[in-house]
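Novice: from the sequence below, what's the structure:
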Amino acid sequence: MTHRDFRTLPPVAQEELRRRAVQAVGDGMSQTDAARVFQVGRQALNRWCVAYRRGGEAALAAQPRGTKTPQRKLTAAQEDDVRARLQKTPDQWHLPHVLWTREAVAALIQQRSTVPLALPTVGRYLARWGLTPQKPLKRAYERDPPAIDRWLTETYPAIVRRAKATGAVIHWGDEMGVRSEHQAGRSFAPRGRTPAISGTGKRFGCNVLSTLTNRGELSFMVFQERFNGGVFLGFLRRLMRHAKRPVILIVDNHPVHQARRVEVWVAAHADRLHLEFLPGYAPELNPDELLNHDVKANAVGTRRPRTQAEMVASVRAYLHRRQQQPHVVRRFFQEEHVRYAAADFVA
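Specialist: Numbers count the residues shown, from 1 in each chain. Sure thing, here's the model as predicted:
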C-alpha cells in the first residue's frame, strides 16, 4: 500500500487528517482499513488513537515545528560566575587542567554549581558566551605584570614625550636566529598521506639585527657570527650613520644590550642615541617581533636553502624587499599587543 508523505502537509492539514482517521476508527472502522483509506502508516494511526484515548482532542492538535530550544541548566547568576572565572587559568581554581577545554569548563561548572553537563552542552554555553577555541600565547612565569602596566601607562608615554621634545625618532629593535630546519605553513596532500619536503640534512643558520618605526622605516643587518657587544655596536654605528634625527632605540633586556662597552659607547653619543629597555619577558610588546615572525615564515619557512650562503642571501633579499614596503612595516604596529605604539608622535 502506498502512503502519502505526511510530513509535507501543512500543520493544519496534518491535524485534520489525524482527527478524521481517529474518528473513522471510533465509528467502527478497523485501523487497517482506516490506514488504507487515509493513506497513512498503520503504526502512525495506532499512535494517534492511543494519544486520543489519553489526551482527547488536544492530543491531536498541531504542534509547533522547528528545533526545540534546549532549556538552560545554569541560572544567569551561575553563568556570570563561570564566565568571570574563565578570566584566570584552570590551575588557579585548583583544577587539573592547563587550558580551558570543554572538559575543564565542565569541571569548573561542576565545582561551582554541582550541575553535571555533557560536553556538547558545555560547547553550546561557550558559543553563547562568544568564546572560541584559540591557540594560546606563551607567557613566562617570570613576567612582571605591574612592570608591564607601568610600561604602558607611564614609561612609554614618557618616552613619547621625550621624542616629541627632542625631535627624536622611536625605533624598536630586536635580534633573532634563523635556522635551516625551520618550516612554516602547510601543503595539500591526499588524506592520510603526510607530504614530505626535501631539504638538506645539514644544520646551519644566520642571525638578524633589525629596527623599525611606526612610519614604516626598516633597518637591518644579517650576520653569521655570534651575537655579542662588538656586533651590536657595529649595527648601532650603521644605524646612526643613516639616521637624520636623534634616535630612541627600544630593545629587550638581552645581556649584550646592557654590556659595559655598549653602555660607554651609547653614553658618548647621548646627543644622538638613547636606549630604553622593555619589561622583562614581555616580547609581545615589541613590534619588531612581528617582523621576526614574518621573516621566519616567508623568507625561510617556505623555502629550502641548501647552504648557509644561500640562506643569508635569501634573508637579506627578503628584508631589502620589506624596506621598499613601508606600508607592510606599518601594519606590524596594528597587531593588538603593539597597537599602543602605532600613533605617529614625531613632530
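
Novice: please name every helix or strand in contact with the top strand by length along the chain.
Specialist: Assignment by DSSP state E gives strand 169-179 as the longest strand of the chain. Applying 3 or more Cβ pairs under 8 Å, 6 or more residues apart in numbering; DSSP states H and E, one finds that strand 169-179 makes contact with helix 156-166, strand 205-212, strand 247-251, helix 288-295. (C-beta placed from N, C-alpha, C; glycine too.)

Novice: and R191, which of the ones you listed is closest to it?
Specialist: Nearest to R191 among those is helix 288-295 (29.5 Å), distances taken as Cβ to Cβ.

Novice: angle of the closest one against strand 205-212?
Specialist: Relative orientation of helix 288-295 versus strand 205-212 (axes from the mean of the first three to the mean of the last three Cα atoms, to 10 degrees): 130 degrees.

Novice: so which bits of the helix or strand just after helix 288-295 are buried?
Specialist: Per DSSP states H and E, the first helix or strand lying C-terminal to helix 288-295 is helix 308-323. Buried residues in helix 308-323, counting neighbours by 16 or more other Cβ atoms under 10 Å, are found at 311-312, 314-316, 318-319, 322.

Novice: can you give the distance from the next helix or strand after helix 308-323 to the centre of its chain?
Specialist: Where DSSP H and E defines the elements, the next helix or strand beyond helix 308-323 is helix 326-331. Relative to the centre of its chain, helix 326-331 is centred 21 Å away, using Cα atoms, centre = their mean, to the nearest Å.

Novice: out of the helices and strands packed on strand 169-179, which comes closest to Q111?
Specialist: The closest of the helices and strands packed on strand 169-179 to Q111 is helix 288-295. By Cβ to Cβ, the value is 37.1 Å.

Novice: what angle separates that closest one from helix 308-323?
Specialist: Using the same axes, to 10 degrees: helix 288-295 against helix 308-323 is 120 degrees.

Novice: distance of E335 from L218?
Specialist: According to Cβ to Cβ, to the nearest Å, E335 stands 16 Å off from L218.

Novice: the two: who's more crowded?
Specialist: L218 (21 against 14; other Cβ atoms under 10 Å).

Novice: for A84, helix, strand, or coil?
Specialist: What DSSP: H, G, I helix; E, B strand; the rest coil gives for A84 is helix.

Novice: sorry, that was for S219
Specialist: strand.

Novice: just the pLDDT at the closest residue to it other than its chain neighbours, thanks.
Specialist: Nearest non-adjacent residue to S219, counting by Cβ to Cβ, 6 or more residues apart in numbering: T211, 4.9 Å away. Per-residue pLDDT puts T211 at 98.
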